[in-house]
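*Asks:* generate coordinates for the sequence data below:
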Amino acid sequence: MTETNETLSLATDAQLTRDLPHSIVIPPITGEMVHLRPATVEDLLRLDELDAFYGASKITGKDAATERAVVHTWVRRSQAWEAGQAPAESGVGDPESRRTIAWAVLTDADHDDDGMIDAAPTDNVIGMIFLIDIDGWSRSARIQIILGKDYRGRGYSRDAMPRVMTYGFAPEPAGLGMHRIWVSVPETNTRSISVYQSLGFVPSGTSRDALWDVENNKYQDLIVMDTLVDEYDPIRSLDAFGMHLIEDNPGVKEALSAREHSMAIQQRVAEPGAGEQSTAADESETSSEIAEAPAQPQSTSEQATTGTHTRSTDEESNWPYGQADRKSSKEAWWRTLGRGRKRDTEGE
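*Replies:* Numbering: from 1, shown residues only. As a prediction, this is how the structure comes out:
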């Protein structure tokens, strides 16, 4: 009888450790092109002004009215979690008690060089980014970004998404402690698929004929892509687009610590005879040495532009794309992309 009680107690403890917190403080996140703050119901009006649901059927496979309704629900769920309301109390709850976090995406950019912030009419808001279907039991979450019609194709999502993912993967309490982050995208939205691959997502499944392609009057597949915590590289996901980590962002220090520890282990294993000589103490000591080592110096231009963290490009990594697929900061295309013109490119 005692053994049975102990087993039940262990099972209960395991359940509790996988429960999401009753309430959450949604952290602001800073990027090089954008900054994020918790989204509000008032921001939903801005999305209409931005024509953010234009072309929804191409981007997410939903019609504009449905996409708008879903986004409104996500923002309210996010605010309910901030307020400490249970899913059933929020009025927009999830029967599986999954949670949502919504950030407003803001920019101070002046792409047309007219001396005015591009998004001034909407209080600098250009869209929203979400972690949705946050499942504490499986430690899984889905990420999605929505941008105003005139702010697509400029690289804003490439700045925001890796920083949100770093927070999502970082261990609690600095982050959400997720194991898996995933996306779903219509097969015809090849632009978004390319962006997600550049961020480290890999195809993991296909839902056949899951969506209706209204333009071509036929069904289309829904592609599911994901990345896992031990696969995600927070440095290269940004460096691929000429951007850098910002150490003050939530979860960054924890992500760097975990990455350095992993690299130390890889280095020890790669050394001749490491399999026979390596011990847990050796790994700990090696990790400590790397953590204390001075960072590689930044160029003057990089130091002036960002308060960021750099690492040697020759470091070992489980990043799924090779060095040839990355852009250095000297090729930071996003710094001038979109200047002097408006874009309505789909897919971000």
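*Asks:* just the strands in the stretch 51-200 of the chain please.
*Replies:* For the stretch 51-200 of the chain, applying DSSP state E, counting those that start in this stretch gives strands covering 99-107, 125-135, 140-147, 180-186.
*Asks:* the second one pairs with which strands?
*Replies:* What that stands for is strand 125-135. Sheet pairing here is set by DSSP bridges, and for strand 125-135 it gives strand 99-107 (antiparallel), strand 140-147 (antiparallel).
*Asks:* hang on, the earlier thing: now the strands of the stretch 51-200 of the chain in JSON lines, with distance to Asp209?
*Replies:* For every residue, glycine as well, the C-beta is placed using N, CA and C. Converted to JSON lines, the strands of the stretch 51-200 of the chain look like this (distance: least, CB to CB, whole Å):
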{"stretch": "strand 99-107", "distance to Asp209": "28"}
{"stretch": "strand 125-135", "distance to Asp209": "22"}
{"stretch": "strand 140-147", "distance to Asp209": "21"}
{"stretch": "strand 180-186", "distance to Asp209": "11"}
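*Asks:* for Ile29, find the nearest of those strands.
*Replies:* Ile29 lies closest to strand 99-107 among those, at 6.8 Å (CB to CB).
*Asks:* just list the residues touching Arg139, thanks.
*Replies:* Shown in contact with Arg139 (CB atoms under 8 Å, 6 or more residues apart in numbering): 18, 177-180.
*Asks:* buried members of those into ChimeraX, please.
*Replies:* Filtering the contacts of Arg139 down to the buried ones (16 or more other CB atoms under 10 Å) takes a single ChimeraX command:
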select :177,178,180
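*Asks:* quick one: which of the contacts of Arg139 is nearest Ser57?
*Replies:* Arg180 (27.1 Å).
*Asks:* show me where this structure dips below the pLDDT cut-off.
*Replies:* Counting by pLDDT under 70, the chain contains low-confidence ranges at 1-17, 93, 95-96, 111-113, 262, 272-348.
*Asks:* can you map out the helices along it?
*Replies:* 2-17, 41-49, 56-59, 64-82, 156-169, 190-198, 236-239, 252-270, 274-277, 280-292, 300-305 (DSSP state H).
*Asks:* of the strands of the stretch 51-200 of the chain, which is nearest Glu67?
*Replies:* Of these, the one closest to Glu67 (CB to CB) turns out to be strand 140-147, at 7.7 Å.
*Asks:* now do that closest one against helix 156-169: the angle between them, please.
*Replies:* Using axes from the mean of the first three to the mean of the last three CA atoms, to 10 degrees, the direction of strand 140-147 lies 160 degrees away from that of helix 156-169.
*Asks:* is Ser57 in contact with Val214, as I believe?
*Replies:* Yes: judged on CB atoms under 8 Å, Ser57 makes contact with Val214 at a distance of 5.2 Å.
*Asks:* the more surrounded of those two?
*Replies:* Ser57 (20 against 12; other CB atoms under 10 Å).
*Asks:* what sits against the more buried one?
*Replies:* 63-64, 212-215.
*Asks:* how near is it to Asn189?
*Replies:* Ser57 sits 10 Å away from Asn189, going by CB to CB, to the nearest Å.
*Asks:* picking up where we left off before, quick one, which of the contacts of Ser57 are buried?
*Replies:* 212-213.
*Asks:* out of the contacts of Ser57, what pair is the most spread apart?
*Replies:* Top of the distance list for these (CB to CB): Ala64 and Asp213, 15.1 Å.
*Asks:* which non-adjacent residue is nearest Trp74?
*Replies:* The shortest distance from Trp74 to any non-neighbouring residue, by CB to CB, 6 or more residues apart in numbering, is to Thr100 (4.9 Å).
*Asks:* check Pro171 too.
*Replies:* Here the residue nearest Pro171, using CB to CB, 6+ apart, is Gly177, at 5.0 Å.
*Asks:* what's near enough to touch that neighbour?
*Replies:* So Gly177 contacts 139, 169-171 (CB under 8 Å, 6+ apart).
*Asks:* show me which pair in those is furthest apart.
*Replies:* Across the contacts of Gly177 (CB to CB), the longest gap, 12.2 Å, separates Arg139 and Ala170.
*Asks:* what's the spacing between Ser140 and Ala240?
*Replies:* From Ser140 to Ala240 the distance is 24 Å (CB to CB).
*Asks:* oops, could you answer that again for Leu106 instead?
*Replies:* 23 Å.
*Asks:* over to Gly200?
*Replies:* For Gly200 relative to Ala240 (CB to CB), the value is 9 Å.
*Asks:* neighbour count: the two, which is higher?
*Replies:* Gly200 (24 against 20).
*Asks:* surely the more buried one is in contact with Thr227?
*Replies:* Yes: the criterion here is CB under 8 Å, and Gly200 meets it with Thr227 at 4.8 Å.
*Asks:* before we move on, the earlier item: overlap of the contact sets of Ser57 and Val214?
*Replies:* By CB under 8 Å, 6+ apart, the residues touching both Ser57 and Val214 are Asp63.
*Asks:* all set now, cheers.
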